[in-house]
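> with the sequence up front, the predicted model follows.
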Amino acid sequence: MMLKNFIRWGLAGLLLSSATLAGMNTPTMAQLNSYERDGLTIFGGANPDFRLSYQLLNNTPRNKRARWNMEVPGEQLSTATTALVVTLPESFTRYRGRIDLDEITVRYGRIDGEGEEIVVDEVRWDDVVFSGANDLSEDLDKIEIFLAEDIPADKSITISFNKVKNPSRSLMLRTNLQVFPRGQELPTYVGTWEMLVAYDIRE
């Protein structure tokens, strides 16, 4: 309970900045709907060492059957992990994007493989106003994923948002992952998924 309360009330000042960017070069379909090993390369984006891979399915505006598969390689998880915190710009919800919290799963293994599912104890959605020094900072939405069992160190995992309603317009979402290592009260930044969601090939 202490960990959950700490995440809920004490994390705002620790979150890394996120941004929604427009006017990017048109990505390939491979970047939109298939396994993207390095994520999109964005000027001023995440350090390549912290850029995480992802897969977007049914990635068109307003699509109610969109799915996000977000990979975390084992080398990024150097200690056992008790909770996951995913943050994304509030522009996702501002443009009517929605994520079904009951349809979030976590499993061992990479996107293109199979692995045992990790039982999720609870998922919470919270709105956080980030007041950092970076001029790109904006309001963030925070998804807290509490696990029924710790993820051992050096184990790759895939977080899946299995039922997403895409926003009404294309958005570049810099989506960050932080984790709570076992026995620690402060979160550790793990990496960033830089994703162009709700992209319509006809645009």
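Yes, it's here.

> when you work out contacts or count neighbours from here on, use the C-alpha atoms and nothing else.
Fine.

> so what's the residue count around His100?
Not quite, residue 100 is Asp, not His. Using other C-alpha atoms under 10 Å, Asp100 has 11 other residues around it.

> likewise Phe50?
Phe50 has 17 neighbouring residues, counting by other C-alpha under 10 Å.

> could you find the closest non-adjacent residue to it?
Excluding the flanking residues, the one nearest Phe50 by C-alpha to C-alpha, 6 or more residues apart in numbering is Gly191, at 4.4 Å.

> who are the packing partners of the host helix or strand of the one you found?
Per DSSP states H and E, Gly191 falls inside strand 188-197. Packed against strand 188-197 by the contact rule (3 or more C-alpha pairs under 8 Å, 6 or more residues apart in numbering; DSSP states H and E) you find strand 54-57, strand 171-181.

> adjacent strands (with direction) for the longest one?
Counting by DSSP bridges, the strands paired with strand 171-181 are strand 20-21 (antiparallel), strand 81-89 (antiparallel), strand 188-197 (antiparallel).

> pLDDT-wise, which helix or strand of this structure ranks last?
strand 20-21 (a mean of 36; mean pLDDT, DSSP states H and E).

> make JSON lines out of the strands paired with strand 171-181 and add mean neighbour count and distance to Arg67.
Output for the strands paired with strand 171-181, formatted as JSON lines (neighbours: other C-alpha atoms under 10 Å; distance: least, C-alpha to C-alpha, whole Å):
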{"stretch": "strand 20-21", "mean neighbour count": "18", "distance to Arg67": "19"}
{"stretch": "strand 81-89", "mean neighbour count": "23", "distance to Arg67": "15"}
{"stretch": "strand 188-197", "mean neighbour count": "23", "distance to Arg67": "10"}
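
> ok, of the ones you listed, where does mean pLDDT dip lowest?
For the strands paired with strand 171-181, the weakest mean pLDDT is recorded on strand 20-21, namely a mean of 36.

> where do the strands sit along this structure?
Here the chain has its strands, by DSSP state E, at 20-21, 54-57, 66-72, 81-89, 98-99, 104-108, 117-118, 120-128, 140-151, 157-165, 171-181, 188-197.

> report all helices and strands that the longest one contacts.
Counting contacts by 3+ C-alpha pairs under 8 Å, 6+ apart, strand 140-151 packs against strand 81-89, strand 117-118, strand 120-128.

> closest to Val179 out of those?
Nearest of those to Val179, taken as C-alpha to C-alpha: strand 81-89 at 4.6 Å.

> quick one on the thing from earlier: quick one, which of the strands of the chain gets closest to Pro48.
Among the strands of the chain, the nearest to Pro48 by C-alpha to C-alpha is strand 188-197 (9.3 Å).

> run a quick neighbour tally on Pro152.
Applying other C-alpha under 10 Å, we find 16 residues neighbouring Pro152.

> how far away is it from Pro181?
Computed as C-alpha to C-alpha, to the nearest Å, the Pro152 to Pro181 distance reads 10 Å.
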